[in-house]
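Undergrad: I would like to see how this sequence folds:
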Amino acid sequence: MKQLLIFFISLWCMGMHAEEGKGTIEIGDVLCEDGSIMSLIDYIGEKDAVAAGVVFRVQSNGGIGFTVLPDTPQPTRGTDSGTSYTVWAVLLEEFNDVAFSNSLGRYLGTDRSLTTLNGYENTQILYQNGSPMAEKVINESIFGSQAFIPSAYEYIQIYNKLRDINNSIRILKALHPERLEWQDFHTDEESGLYFYWTSTESDYDPTRQAWVYNMKDGALNSTPKTFVLRCRAAIKLKVGGNDDTSHVGIIENSGDGTTIFYDLRGNIVNGSYRGIVIVRCQDGKYRKTIRK
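TA: From the prediction side, this is the model:
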């Protein structure tokens, strides 16, 4: 039965990706636990791949592209003529029954802009100020401190591509029926489960309210921070650059002229410009390797 399901899913995926260029990253692609990104049809053929999320935004960065995650310094590597891309992916697991804050009456300090892709920065601020929602995401997400709650504007990006995102998540759920924690975004009016916390405090009263996103109709609702609702985690990384490689992880200066490279799981790879990389192969697939 599962083989038949995979066959029909493969046919659907081939039709969906028929006009895509090889090696391109598209909305709805699969982010795996090791940091690799691949199309649904490629994911079906990769026996060792384990899905972690679905891409919801891809942005070209132009030229230089040694990859780091948010808020980490870019090392000096000389001239790089390659093009890098920043990729946002929403993770598959959903967190239920969480509050933005344990109490009212305190502005926690997030950027209140509704036009900024700053969920990572907001989540770090919330975590430092004891937000139960941020603690839940960072402490329980597969990517730990690199995971974040999308900002209001990032939720707008998700909603604009919701059909593609939910289609991919539903296919991944069908391929892995044992992963009960994987959830597509709720849009069913009868369930009433379509309200999701953003990481953005509300301009109406930032001491008492934060923005909740309604995935049924795309509306933002200013809501008391102590309400218990759902939230979702996301991750942002850069791929691409010179030699068609993608360095996925965090780079920190060690103080002695070298760098420390952390992969997405928090494992340390020591030395100058070492780390897990994702190589775009001739067949258009992205595969993980180690650059030393």
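
Undergrad: where along the protein do the strands fall?
TA: In the chain, the strands defined using DSSP state E lie at 30-32, 37-38, 51-60, 84-99, 195-201, 209-214, 219-224, 228-240, 245-247, 250-253, 259-262, 268-270, 275-280, 286-291.

Undergrad: check contacts around the nearest residue to residue 105 once chain neighbours are set aside.
TA: Nearest in space to residue 105, with sequence neighbours left out and distances taken as Cβ to Cβ, 6 or more residues apart in numbering, is residue 207 at 5.4 Å. C-beta: built from backbone N, CA, C; applies to glycine. By Cβ atoms under 8 Å, 6 or more residues apart in numbering, the contact set of residue 207 is 104, 105, 106, 107.

Undergrad: So which of these is the closest to residue 154?
TA: residue 107 (20.6 Å; Cβ to Cβ).

Undergrad: burial measure for that closest one, as a count.
TA: Using other Cβ atoms under 10 Å, residue 107 has 13 other residues around it.

Undergrad: so what's it closest to, chain neighbours aside?
TA: Of all residues not flanking residue 107 in the chain, residue 206 sits nearest, at 4.3 Å (Cβ to Cβ, 6+ apart).

Undergrad: So that neighbour versus residue 101, what's the distance?
TA: For residue 206, the distance to residue 101 (Cβ to Cβ, to the nearest Å) stands at 11 Å.

Undergrad: Look at those two and report which has more neighbours.
TA: Higher neighbour count among residue 206 and residue 101: residue 101, with 25 against 18, using other Cβ under 10 Å.

Undergrad: The more buried one against residue 224, yeah?
TA: No - the pair residue 101 and residue 224 fails to qualify as a contact (Cβ atoms under 8 Å) at a distance of 9.1 Å.

Undergrad: pLDDT weak spots in this structure?
TA: 1-23, 61-84, 190-191, 240-292 (pLDDT under 70).

Undergrad: give me that answer again for 50
TA: For the chain, applying pLDDT under 50 flags the ranges 1, 4, 6-22, 63-81, 242-254, 257-266, 269-282, 284-292.

Undergrad: Now residue 236: closest residue in space that isn't a chain neighbour?
TA: residue 88 (5.1 Å).

Undergrad: Serialize the contacts of residue 207 to CSV and add fields for distance to residue 228.
TA: CSV is the format used below for the contacts of residue 207 (distance: Cβ to Cβ, whole Å):
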residue, distance to residue 228
104, 14
105, 18
106, 18
107, 20
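
Undergrad: re the thing from before, residues shared between the contacts of residue 101 and residue 224?
TA: Contacts common to residue 101 and residue 224, judged by Cβ under 8 Å, 6+ apart, are absent.

Undergrad: tell me the contacts of residue 94?
TA: Counted by Cβ under 8 Å, 6+ apart, residue 94 has contacts 181, 183, 230, 231, 232.

Undergrad: wait, which of the residues you listed is closest to residue 57?
TA: Distances from residue 57 to those, taken by Cβ to Cβ, are shortest for residue 232, at 14.1 Å.

Undergrad: wait, isn't the closest one in contact with residue 149?
TA: Yes - taking contacts as Cβ under 8 Å, residue 232 lies within contact range of residue 149: 7.1 Å.
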